[in-house]
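Asker: Fold the following and give me the result.
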Amino acid sequence: MPYTVTKEVVDAFYDAFVKPDGDKLADLVHDDVRWTTRGPIDVLRFCGTHHGKAQVLELATKTLPTVFTDIKLVRESLVIDGDRAAALNFQTAQRRADGRVITYRFAHFFRFMDGKVIETTTIIDTFNAAEQVLGHALPRDGVLTMMGATPAELNDLVFL
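Answerer: Below is the predicted model:
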């Protein structure tokens, strides 16, 4: 019988990834995982393709925490179809270098095998994220920098 991922497995993955909890994440990532995040690697150094559990754990527990702290995700939608899941998320985090709050949307496309992520592609609103990381002002910056703001409270014009 083919594997069908559950919402609980997806939720457990996000919880472990955002904290980051390397032990829990290790239980949810396949040894042969292929992890791709589309974006400008020179600006968003967590972008690129990572192969294998060790590289993904390094990304989640060492690389990403050097870029962002206090990561918060709001899932806007989740679709599950058999062993695949797609999620549209809104992320708010503080940039470690200067404490600036960065907000952007991203989509995750997962494939699971036996309850573990075997493949993922992340597509970030990279223009928006890169502009913020580089320190460029965005419209309604006062609203954008409110930690805990929901996507509905933000000006969607910055997400074009």
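Asker: starting at the chain centroid, how far to stretch 52-67?
Answerer: How far stretch 52-67 lies from its chain's middle: 12 Å, per C-alpha atoms, centre = their mean, to the nearest Å.
Asker: what's the offset of stretch 86-103 from the middle of its chain?
Answerer: The answer for stretch 86-103 is 9 Å, by C-alpha atoms, centre = their mean.
Asker: And the contacts of stretch 17-35?
Answerer: 9, 12-13, 15-16, 49-53, 55-57, 59-61, 64-65, 71-73, 113-120 (C-beta atoms under 8 Å, 6 or more residues apart in numbering). C-beta here means a position set from N, CA and C on the backbone, and glycine is covered the same way.
Asker: For whatever helix or strand residue 89 lives in, C-alpha coordinates in PDB please.
Answerer: Residue 89 is part of strand 84-95, with elements assigned from DSSP states H and E. Taking Å, rounded to 0.1, in the frame of the first residue of the first chain, the C-alpha atoms of strand 84-95 are listed here in PDB:
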ATOM      1  CA  ARG A  84       3.200  14.700  -1.400                       C
ATOM      2  CA  ALA A  85       2.400  17.900   0.400                       C
ATOM      3  CA  ALA A  86       2.400  21.600  -0.700                       C
ATOM      4  CA  ALA A  87       2.200  24.400   1.800                       C
ATOM      5  CA  LEU A  88       2.100  28.200   1.400                       C
ATOM      6  CA  ASN A  89       3.700  29.800   4.400                       C
ATOM      7  CA  PHE A  90       4.400  33.300   5.700                       C
ATOM      8  CA  GLN A  91       7.600  33.700   7.700                       C
ATOM      9  CA  THR A  92       8.600  36.400  10.200                       C
ATOM     10  CA  ALA A  93      12.100  36.300  11.700                       C
ATOM     11  CA  GLN A  94      14.800  38.600  13.100                       C
ATOM     12  CA  ARG A  95      17.900  38.900  11.100                       C
END
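Asker: If you count contacts, what does that strand end up packed against?
Answerer: strand 68-81, strand 101-113 (3 or more C-beta pairs under 8 Å, 6 or more residues apart in numbering; DSSP states H and E).
Asker: Can you lay out the ones you listed as a markdown table showing mean pLDDT?
Answerer: A markdown table is the format used below for those (pLDDT from 0 to 100):
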| stretch | mean pLDDT |
| --- | --- |
| strand 68-81 | 92 |
| strand 101-113 | 89 |
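Asker: of those, which approaches residue 2 most closely?
Answerer: strand 101-113 (10.2 Å; C-beta to C-beta).
Asker: Show the subsequent helix or strand relative to the closest one.
Answerer: strand 116-124.
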